[in-house]
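> For reference, the sequence and a predicted model appear below.
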Amino acid sequence: MMSVKKIVLLGVFLGVAGCAAPSVYAQNCTASKQAAIECFVGNAVTTKITEPRYGMTLPQFKAYGVAVSEILQSNHTYLVLIGISSAIADAMPPKNLNGSTNQSAQDLAVSQIVDAVIAGGFAPLPSNVTAQQLQWFTLDLVNAMNDNGGMMQMLTPGVGLRIVDSYVVTGTSGGTVNWPLVDASLTSAIQSFISSGLMKIPAGHTPAQVETFVSSVAQAIYAYKVSTNRAAL
């Protein structure tokens, strides 16, 4: 997994590459912003700064590099993904209850929650960026944040996920989740938070969209708990 330093380094270089390509690049590397970034990614792979992951081919990884540059410049979407990533790294680590590694459980949670964010319109896809690339970017962030020296436990960015999980726990009996009850309870809670001013609905969105998103998050949390043998986050 890439360290936080490598994630930041890659992000900075990708952003710089979009502004100006070094003169040492071949002519085709200066043809456009996309070409400059693709050349940088190709050179980064050759010199072992980074490597393709998640089953990507080199061309896919170059395209992903271009997507990362777009995401980093999106501000809104980037900040949403940062928030989601820190919450998941805190509340949904890549480990089973017994401490053994279970990366796939966390990866699935990332994919499900990012899908819900996109579906709800809370993180608009930047130009020429796919949903898959947004998932890969979030996976990179979460993987970097997993190694946090205990800081996540102190800052507790995953408190929102734990609150949602508390309704899943309450609605579970004999190992079976009563999803209609959970959804009704979450809807009631969201409406209460909104009316009391504790939750602000993003401009252009409705309470119903937030309720649907939170319901999807609850499903992702449950799948993670089943996979890691946890009773609660």
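All right, it came through fine.
> Please make it C-alpha for all contacts and neighbour counts, starting now.
Will do.
> pLDDT score assigned to the closest residue to residue 103 other than its chain neighbours?
In this structure, residue 103 finds its nearest non-sequential neighbour in residue 94, 4.5 Å apart by Cα to Cα, 6 or more residues apart in numbering. pLDDT recorded at residue 94 is 97.
> List the residues that contact residue 94.
Residue 94 sits next to 101-107, 146 when contact means Cα atoms under 8 Å, 6 or more residues apart in numbering.
> Counting neighbours, which of these comes out on top?
Highest neighbour count within these, by other Cα atoms under 10 Å: residue 106, with 28 neighbours.
> how near is the residue most central in space within the chain to residue 81?
With distances taken as Cα atoms, centre = their mean, residue 138 lies nearest the centre of the chain, 3.2 Å away. Distance of residue 138 to residue 81, computed by Cα to Cα, to the nearest Å: 6 Å.
> From the contact counts, what lies against the helix or strand where residue 194 lies?
Using DSSP states H and E, residue 194 sits in helix 179-196. In terms of contacts (3 or more Cα pairs under 8 Å, 6 or more residues apart in numbering; DSSP states H and E), helix 179-196 is packed against helix 159-170, helix 207-228.
> Return the distance of stretch 78-93 from the chain's centre.
6 Å (Cα atoms, centre = their mean, to the nearest Å).
> got the CA coordinates for that stretch in CSV?
Provided in CSV are the C-alpha atoms of stretch 78-93 (Å, rounded to 0.1, in the frame of the first residue of the first chain):
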residue,chain,number,x,y,z
TYR,A,78,-12.1,15.9,-3.3
LEU,A,79,-13.2,17.2,0.2
VAL,A,80,-16.2,14.8,0.3
LEU,A,81,-13.9,11.9,-0.5
ILE,A,82,-11.4,13.0,2.1
GLY,A,83,-14.1,13.0,4.7
ILE,A,84,-15.4,9.6,3.7
SER,A,85,-12.0,8.1,3.6
SER,A,86,-11.0,9.3,7.1
ALA,A,87,-14.3,8.0,8.5
ILE,A,88,-13.9,4.6,7.0
ALA,A,89,-10.2,4.3,8.1
ASP,A,90,-11.3,5.1,11.6
ALA,A,91,-14.5,3.1,12.0
MET,A,92,-14.0,0.3,9.4
PRO,A,93,-10.4,-0.9,9.5
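> If you count neighbours, what's buried in that stretch?
78, 80-81, 84-93 (16 or more other Cα atoms under 10 Å).
> closest to residue 200 among those residues?
Nearest to residue 200 out of these is residue 80 (Cα to Cα; 14.8 Å).
> neighbours of the spatially closest residue to the closest one that is not a sequence neighbour, just the number please.
Using Cα to Cα, 6+ apart and skipping the chain neighbours, the partner closest in space to residue 80 is residue 123 (6.4 Å). Other residues within reach of residue 123, judged by other Cα under 10 Å, total 20.
> in this protein, what secondary structure element scores lowest on mean pLDDT?
Across the helices and strands of the chain, mean confidence by mean pLDDT, DSSP states H and E is lowest for helix 4-17: a mean of 48.
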